[in-house]
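> any chance you could fold what I've pasted below:
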Amino acid sequence: MDYFKVNKYSPVEENILYISNNIIVLLKGHEQEFGKLVELYEDKFCPEMSINIETSIYLAMIFLYGIGKIEVKNKKIKLVVK
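Here you go, the predicted structure:
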């Protein structure tokens, strides 16, 4: 599955860039642990949580870490402000 394209075969809720943007919204001004971040994401953006969404959230966080938008310290994830 190509996560970097939005097409008619995959819903927008499983798109890495869309999820990354939502994670940035959730992390503004707060530090969160991964489990709590997944719960917040579920409550705010995706009430019908599926197994694929949790994997997509994890991939989105790896993407954000790779481009330097988030950092992890003491098991807490926080947004990097540059």
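> what's around Ile51, how many residues?
Other residues near Ile51 come to 7 when the count uses other C-beta atoms under 10 Å. (C-beta placed from N, C-alpha, C; glycine too.)
> can you give me the distance of it to Ile57?
11 Å (C-beta to C-beta, to the nearest Å).
> what's the host helix or strand of Ile57 packed up against?
Secondary structure assignment for Ile57, by DSSP states H and E: helix 51-66. Here helix 51-66 touches helix 16-27, helix 34-45, strand 70-73, going by 3 or more C-beta pairs under 8 Å, 6 or more residues apart in numbering; DSSP states H and E.
> buried ones in it?
53, 56-57, 60-61, 63-64 (16 or more other C-beta atoms under 10 Å).
> let me have those residues in JSON lines, extended by distance to Lys44 and pLDDT.
Listed next are the buried residues of helix 51-66 as JSON lines, based on distance: C-beta to C-beta, whole Å; pLDDT from 0 to 100:
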{"residue": "Ile53", "distance to Lys44": "12", "pLDDT": "80"}
{"residue": "Ser56", "distance to Lys44": "15", "pLDDT": "85"}
{"residue": "Ile57", "distance to Lys44": "12", "pLDDT": "88"}
{"residue": "Ala60", "distance to Lys44": "14", "pLDDT": "92"}
{"residue": "Met61", "distance to Lys44": "16", "pLDDT": "92"}
{"residue": "Phe63", "distance to Lys44": "19", "pLDDT": "92"}
{"residue": "Leu64", "distance to Lys44": "17", "pLDDT": "93"}
